[in-house]
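In: Just need the structure, nothing else, for what follows:
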Amino acid sequence: MILRAENLAKHFAAPGGLVRAVDGVSFTLARGETLALVGESGCGKSTTARLVLRLIEPSAGQVAFDGEDITTLPPNRLKPFRRRAQIVFQDPYASLNPRLRVGDTIQEPMRVHGLGSAAEQRARVQELLALVGLAPFHAQRYPHEFSGGQRQRIGIARALAVQPDLVVCDEPVSALDVSIQAQVVNLLKDLQQRFGLSYLFIAHDLGVVKHMADRVAVMYLGKIVELAEKRTLFANPRHPYTRALLAAIPHPDPALRGRVKPLGGDLPSPLNPPPGCRFHTRCAFATELCRREEPALVDGVACHHTAELPPLDMAYAGGLSETATRRLARYAQAAGQRN
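Out: You can find the predicted model right below:
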């Protein structure tokens, strides 16, 4: 196990109180594994990534990297951890210094950590450029001379410069064209197999997640509501929010489009999260228990009624059995009383 987060929280002070951006998140990441964090914008994915790297300080909880609690380390002892844990940012242009040539950008982390002589560092830059599909002469160019996909390759090369064990990918392909997304995702997969990297992969595109991840953690309003192996989650999602996310994926068959009602409402404010289950204000299956008590994450799902939900193929394919129909009617009645 290379990474473990336990009850991780980050609360920001705001005029109306505390913004609970991350509120009690726990997960583990094995060596060579990809764990994806998914959810709507504002659910706390990127904040979780920055907490894991200690780019921001947690309000509570613990992060252990390779068995060592990094949340208690003073800043002057974080340098070895910084070398072993790197990040690829969402915006490949904003993350690069426009005044530095690409070669200097990639070489800078090696200078900071004292890895090799100047000649060895320059040779490493050439090796990394080739590794991510760029040419040696690209080292002399500036970021504005590259396309978005090329800039992201530069960001990946910079992350790999210090030979890390963990790479946090914070929506690394969301700003790229679809065809370029596929190239970068395949590059990340190839690099993982070659160097045994562990990825914490932040994304909202479930198609990319299905290709990249080994396990998936679904976040909603600062909490993980479902955590499962990728095949299990896509084949049998157990939380109503996960089902809604999967149902929102565009279907290639026109005859099946529009048969699933999209999730209504907006994400509640993390400044004043709903009591009980945080998803109950948008959930068609919510009951009084959901409004009163917050469900714990048990067996990978945080839902009071996961055992009672109708099977996914019946609820979303339109072929409901009599039992499932009655159950849905009961939950719909409860939802109507709530509203």
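
In: neighbours around the closest residue to residue 303 other than its chain neighbours, how many?
Out: Nearest residue to residue 303 in three dimensions, chain neighbours excluded: residue 239, at 5.1 Å (Cβ to Cβ, 6 or more residues apart in numbering). Glycine gets a C-beta too; all of them are placed from N, C-alpha and C. The tally of other residues near residue 239 (other Cβ atoms under 10 Å) stands at 28.

In: could we number from 47 for the rest of this?
Out: Renumbered: residue one is now 47, and that last one reads residue 285.

In: Torsion angles phi and psi at residue 285?
Out: Main-chain dihedrals, residue 285, degrees, to the nearest 10: phi -100, psi 140.

In: Then residue 263?
Out: According to degrees, to the nearest 10, residue 263 has phi -110, psi 120.

In: Which secondary structure element is home to the closest residue to it other than its chain neighbours?
Out: Counting by Cβ to Cβ, 6+ apart, residue 273 is the residue found nearest to residue 263 once chain neighbours are left out, at 4.6 Å. Assessed by DSSP states H and E, residue 273 sits inside strand 269-275.

In: counting contacts, what elements does that strand pack onto?
Out: Helices and strands touching strand 269-275, by 3 or more Cβ pairs under 8 Å, 6 or more residues apart in numbering; DSSP states H and E, are strand 63-75, strand 261-266, helix 286-293.

In: any chance of those in JSON lines, plus distance to residue 212, mean neighbour count and mean pLDDT?
Out: Below are the helices and strands packed on strand 269-275 laid out as JSON lines (distance: least, Cβ to Cβ, whole Å; neighbours: other Cβ atoms under 10 Å; pLDDT from 0 to 100):
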{"stretch": "strand 63-75", "distance to residue 212": "7", "mean neighbour count": "19", "mean pLDDT": "94"}
{"stretch": "strand 261-266", "distance to residue 212": "15", "mean neighbour count": "24", "mean pLDDT": "96"}
{"stretch": "helix 286-293", "distance to residue 212": "26", "mean neighbour count": "22", "mean pLDDT": "88"}
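
In: between those, which gets nearest to residue 54?
Out: The closest of the helices and strands packed on strand 269-275 to residue 54 is strand 63-75. By Cβ to Cβ, the value is 4.6 Å.

In: Listing partners with orientation, what would you give for the helix or strand just after the closest one?
Out: Moving toward the C-terminus from strand 63-75, the next helix or strand (DSSP H and E) is strand 80-84. Its sheet considered, strand 80-84 pairs with strand 244-248 (parallel), strand 261-266 (parallel) by DSSP bridges.

In: now these as JSON lines including distance to residue 145?
Out: Formatted as JSON lines, the strands paired with strand 80-84 follow (distance: least, Cβ to Cβ, whole Å):
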{"stretch": "strand 244-248", "distance to residue 145": "28"}
{"stretch": "strand 261-266", "distance to residue 145": "36"}
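
In: give me the low-pLDDT residue ranges for the stretch 147-296 of the chain?
Out: 296 (pLDDT under 70).

In: and the spatially closest residue to residue 100 that is not a sequence neighbour, how many residues sit next to it?
Out: Beyond its immediate neighbours in the sequence, the residue positioned closest to residue 100 (Cβ to Cβ, 6+ apart) is residue 116, lying 5.9 Å away. Number of residues near residue 116 (other Cβ under 10 Å) recorded here: 20.

In: in terms of contact, does residue 116 touch residue 124 like I think?
Out: Yes - when contacts are counted by Cβ atoms under 8 Å, residue 116 is listed as touching residue 124 (7.1 Å).

In: Quickly list what's touching both of these two.
Out: residue 100 (Cβ atoms under 8 Å, 6 or more residues apart in numbering).

In: So residue 219: helix, strand or coil?
Out: Assigned with DSSP: H, G, I helix; E, B strand; the rest coil, residue 219 falls in the coil class.

In: quick one, what contacts the spatially closest residue to it that is not a sequence neighbour?
Out: Leaving out its chain neighbours, the residue that sits closest to residue 219 by Cβ to Cβ, 6+ apart is residue 227, at 4.1 Å. Shown in contact with residue 227 (Cβ under 8 Å, 6+ apart): 219, 251, 254.
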